[in-house]
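Q: Sequence and predicted model, in that order:
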Amino acid sequence: MFDAEQRQIEEKINAFCAANGLPEAVLQWKWIPFSGHWGISIAFFQLAALEARQGKKIQVNQRAQELASQISDHLGIPVGFEKLEAVNGYLNLYFDPAVYARRVIDTAIEQGTGFGRGADRGERVMVEFSQPNTHKAFHVGHLRSAILGDGLSRLLAFAGYDVIRANYPGDIGLHVIKWLWCYRNYHAGEKPDKDITRWMGSIYAEASRRLEEAPELEAEIRELYARWDRRESEIVDLWKETRDWSLDGFKEIYSRLDIPFDRYYFNSEEEQSGKVLVNDLIARGIASDERPDGAVVVKLDNLLGLKNDKYRVLVVLRSDGTALYATEDLSLARRKFTDYPDLAKSYYVVDVRQSLHFQQVFKTLEIAGYEWANRCQHIPYELVTLPGNVVMASREGTVVLLEDLITEATDRAYEVVKLKNPDLTEAQKRAVARAVGIGAIKYPMLARENTKLVTFDWETALDFNGQAAPYIQYAFVRGGSILRKGGVEPAESVSPAFELTAAELELIDLLARLPNEVQRAAGELRPLWMATYAYDLARAFNDFYTQCPVLQVEEPVRSFRLRLVMATRQALANSLALLGITAPQAM
RNA sequence: GCCCCUGUAGCUCAAUGGACAGAGCACCGGACUUCUAAUCCGAUGGUUGUGAGUUCGAGUCUCACCAGGGGCGCCA
């Protein structure tokens, strides 16, 4: 937000260096880390070290302090700053609160929902996430890709990218045929009840159970798969109908979670074109056809002339000529760039176990000469497991259904709101419970490193206290409450000609950071940073709330604080929206 | 055997190569006649797995080791 000022100071420092025969300084702005202070700083260790490397006899720390001090003298106090000081090799510039408080607050209020939003980059990216298997349950293990992908999409869009949100359901495969087999034999003619996904999942579990008890029935499954493969209309029709049931169920879940998609790709649609693509690879000598004794493989390390195992071997077609995931992934990657030739990036939010797989697929495409291959990027995340490192598996029945988690979370939130705010109407209570319950589920998925394992347990997942979504939502609600009583009409912009309290400084400081944080988080593909930012902002506001009365204070402080509340509430709303968490009107 | 990830307070996790490693939970002690206490304040709690290296400076980068998890030709 203070780019212009920063650039001016940088220019002056560079001019100083040039005039004094110093190497060109590497200037990196940081926030002054002391709380209660408000400004930016530059360290001069690098410049001093650069000099030392040029052969000058220098004590780096001492020289850094010397430089900071000299440059401090040279700069004087720049416009808009209150003071500057050279400490421990750092040059600290403290903003003039009167100037900057006003600017930050005015900007946030004026820009409204656009506050923190990056300028349009004119770049289109695709985020593929949440690849659920149809005909199976949707459980808590599937939650991370959905929430992470959604958060990432929202972040990139807010940062200025044109984002295409893609889903890639696994709508064909052995699991689907198993389901169809079980349905035809034991549930023919049945229709799903209103809890579609649970019902679909239960039939799948039943199929697994029956096959375990009588493995000889596998032959029936294989035969059924062959009939699907021949596109027998009876089987294909049933497959399509039941697949749509599953998809309807998923859409209901996505809608409850507020996770939309722009584009659906289907596993089944990539099968044929995948086989064609593989044939092309064979013809060009990239894939080796070892049939009938072996499969069709791409020997990546051989092709690349690598001595050590790195990319190993990718199987692109089974020996019986049927497709596997790799076949379809090759085709899908190409389809995305056919649909959107201008994609600057094609992201895949898929769990970490498939890291090698994606490296192989992307490398194969690169070898095949697709120039966009290096624009594909896998974003791995760790699994959500049950205590004791038990992986959730529909087959094993070790799952917590998403449906159950959502219901439990919203029920608990409902109990709390009934207690805290009994005057709300029933509809309002339900709305609050939904916002809080869903938020509580989403936040912990976003607020940790992708590479860290999540162990699911009910107590933690339903904890509304501390660093969690309800805390942030509550801060938003409190802000709204003040504004409702203090007059929603924005007061005139106020330049504080009075001393600001530490709580106000801290809050304004955080407000000012939002645009930077958005760009930083988007640049590193880390919704985590926005999750922590939103929490920090909420904490600063709660702190302000307890320390600084707004409505009962005299003018002009009252107007100033009212506007500060307005600005903060906007920043909280934008941050929550960025995380895909609803900001409720009351709690 | 090769490769990847993780290791930070009792627990769950943060931390742009920079200034005193921060939060939450739990535990202990306080604050509702006030703009909503789903809040706030205070106390306790650390040889950042171990050892070396790079650097003016390392939780962060490199290497080795230890511990846990994952991946490695026809599963998805």
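A: Good, I have the coordinates.
Q: Chain A - how does it break down into domains?
A: A:3-95, A:265-400, A:403-578 (automatic domain parsing).
Q: Could you work out which of those reaches nearest to A:Ala159?
A: With C-beta to C-beta as the criterion, A:Ala159 lies closest to domain A:403-578 of those, at 3.4 Å. Placement of C-beta: from N, CA and C, glycine included.
Q: any idea where the strands of the stretch 201-350 of chain A begin and end?
A: For the stretch 201-350 of chain A, the strands defined by DSSP state E, counting those that start in this stretch occupy A:263-264, A:288-289, A:296-299, A:313-317, A:343-351.
Q: cool, and the stretch 351-500 of chain A?
A: A:376-381, A:384-386, A:390-391, A:454-455.
Q: pull the CA atoms of whatever helix or strand A:Val518 lives in into CSV?
A: Applying DSSP states H and E as the criterion places A:Val518 in helix A:502-523. Extracted in CSV, the C-alpha atoms of helix A:502-523 (Å, rounded to 0.1, in the frame of the first residue of the first chain):
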residue,chain,number,x,y,z
ALA,A,502,-1.1,0.4,20.9
ALA,A,503,-4.1,-1.6,20.1
GLU,A,504,-5.1,0.8,17.3
LEU,A,505,-1.6,0.8,15.9
GLU,A,506,-1.5,-2.9,15.8
LEU,A,507,-4.8,-3.2,14.1
ILE,A,508,-4.1,-0.6,11.5
ASP,A,509,-0.8,-2.3,10.8
LEU,A,510,-2.4,-5.6,10.1
LEU,A,511,-5.1,-3.9,8.0
ALA,A,512,-2.4,-2.4,5.8
ARG,A,513,-0.8,-5.8,5.2
LEU,A,514,-3.8,-7.5,3.5
PRO,A,515,-2.9,-6.7,-0.1
ASN,A,516,0.7,-7.9,0.4
GLU,A,517,-0.4,-11.0,2.2
VAL,A,518,-2.7,-11.9,-0.6
GLN,A,519,0.1,-11.6,-3.2
ARG,A,520,2.6,-13.5,-1.0
ALA,A,521,0.2,-16.3,-0.3
ALA,A,522,-0.9,-16.6,-3.9
GLY,A,523,2.7,-16.5,-5.1
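Q: Who are the packing partners of that helix?
A: Here helix A:502-523 touches helix A:97-111, helix A:143-159, helix A:527-547, helix A:557-579, going by 3 or more C-beta pairs under 8 Å, 6 or more residues apart in numbering; DSSP states H and E.
Q: if we can go back for a sec, possible to save the strands of the stretch 351-500 of chain A as CSV with distance to A:Glu5 and mean neighbour count?
A: Shown next, in CSV, are the strands of the stretch 351-500 of chain A (distance: least, C-beta to C-beta, whole Å; neighbours: other C-beta atoms under 10 Å):
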stretch, distance to A:Glu5, mean neighbour count
strand A:376-381, 35, 19
strand A:384-386, 45, 18
strand A:390-391, 52, 12
strand A:454-455, 42, 16
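Q: Could you list the low-confidence segments of chain A?
A: A:35-37, A:397, A:488-490 (pLDDT under 70).
Q: tell me which parts of the stretch 301-450 of chain A are close to RNA strand B?
A: Within the stretch 301-450 of chain A, the residues that sit near RNA strand B (C-beta under 7 Å from any atom of the strand) are A:308-310, A:312-313, A:315, A:318-320, A:324-326, A:352-357, A:382, A:389, A:413, A:416-417, A:420-421, A:432, A:436, A:447-449.
Q: quick revisit: the helices and strands packed on helix A:502-523: which one's closest to RNA strand B?
A: Closest to RNA strand B of the helices and strands packed on helix A:502-523, according to C-beta to the nearest atom of the strand: helix A:527-547, at 3.7 Å.
Q: A:Val26 - that's part of a strand, no?
A: No: under DSSP: H, G, I helix; E, B strand; the rest coil, A:Val26 sits outside any strand and is assigned coil.
Q: What strand or helix carries the residue nearest to it when sequence neighbours are not counted?
A: Once flanking residues are discounted, A:Val26 sits nearest to A:Gln46: 4.9 Å by C-beta to C-beta, 6 or more residues apart in numbering. Taking DSSP H and E as the definition, A:Gln46 sits inside helix A:45-53.
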